[in-house]
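I would like to see how this sequence folds:
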Amino acid sequence: MFTLVEMKDAIPVPASELDKPRPVAVGNQIEQKYCNRVLLDVGLCISLYELTEIGDGLIYQSDSAVHIRVRFTLLVFRPFIGEVLVGTIYKSTPHGLWLSVGFFNDIFIPPHFMLDGSEWDADQRLWVWKSQHGDAALDPELGSQVRFRVTNSVFRHVERPSKAPPAAAAAVAAAAVPGAEKTAAAMEGVDGEEEEEPQPVFQVMASIKDDGLGLVVWWE
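You can find the predicted model right below:
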């Protein structure tokens, strides 16, 4: 589930941090820059594991920070294909089931990777596994644990353009029409509700279509 990744970077340490020991100051800046962020084709950065090399610092004109070349190792979340993990049901949609492992919620199980007999119940808005022993609802509100197998890791280049209008255009509209500011804000809220959810930058694809997988209570 976790792996170590070696990195090298020029880390800017602000003047306010220069009174601290260099490893501490550099480590703090690496944590701020990388932790809880996705590196494309690498994974989700969890924490700094160790500093392996700290080079000399450089000061550039009109910049009070000291830029230090550093080699370091990050602890990264990226489960390998075929790994079996346990998570909780995060949400259900007609497109599939979303799981969470606490710090990461973008684990997706499409319908074709669910157990045979799984159907989407439009009235309850959740997935139900129908078998000869009865129906079992995969309900997010129950916080049920699910054992799943990783099938793939997907990385996307996601662009999220700003929804805000150009400042000049917004100012002209507000000046020309009384109350235009409030109307525009209300319309923006309505439009936002109709838009689809953005795709995650890093997504783990999973399956529960095997013996021993699915709700943990099924196999106890």
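
tally of neighbours for residue 9?
Residue 9 sits with 15 neighbouring residues when counted by other C-beta atoms under 10 Å. C-betas here are computed from N, CA, C, even on glycine.

wait, doesn't it sit right on residue 74?
No: here residue 9 lies out of contact with residue 74, judged by C-beta atoms under 8 Å, at a distance of 10.4 Å.

How about the contacts made by the residue nearest to residue 202 when sequence neighbours are not counted?
In space, and not counting its chain neighbours, residue 202 is closest to residue 38: 4.4 Å by C-beta to C-beta, 6 or more residues apart in numbering. The neighbourhood of residue 38, defined by C-beta atoms under 8 Å, 6 or more residues apart in numbering, consists of 44-45, 155, 201-202.

With residue 200 instead?
The contact partners of residue 200, taken as C-beta under 8 Å, 6+ apart, are 106, 156, 158.

how far away is the second one from residue 123?
This points to residue 156. From residue 156 across to residue 123, the span is 33 Å (C-beta to C-beta, to the nearest Å).

Those two - which one has more neighbours?
Comparing residue 156 with residue 123 by other C-beta under 10 Å, the one with more neighbours is residue 156, at 13 against 5.

In contact with that one, which residues?
Listed by C-beta under 8 Å, 6+ apart, the contact set of residue 156 reads 199-203.

List buried residues within these.
200-203 (16 or more other C-beta atoms under 10 Å).

Can I get stretch 21-33 in CSV? Just the C-alpha atoms.
What follows is stretch 21-33, C-alpha atoms only, in CSV (Å, rounded to 0.1, in the frame of the first residue of the first chain):
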residue,chain,number,x,y,z
PRO,A,21,18.5,23.8,12.5
ARG,A,22,18.9,23.3,8.8
PRO,A,23,17.4,19.7,8.7
VAL,A,24,14.3,20.9,10.6
ALA,A,25,13.8,24.0,8.5
VAL,A,26,14.2,22.1,5.2
GLY,A,27,12.0,19.2,6.4
ASN,A,28,9.2,21.6,7.3
GLN,A,29,9.2,23.1,3.9
ILE,A,30,9.2,19.7,2.2
GLU,A,31,6.2,18.7,4.2
GLN,A,32,4.4,21.9,3.2
LYS,A,33,5.2,21.4,-0.5
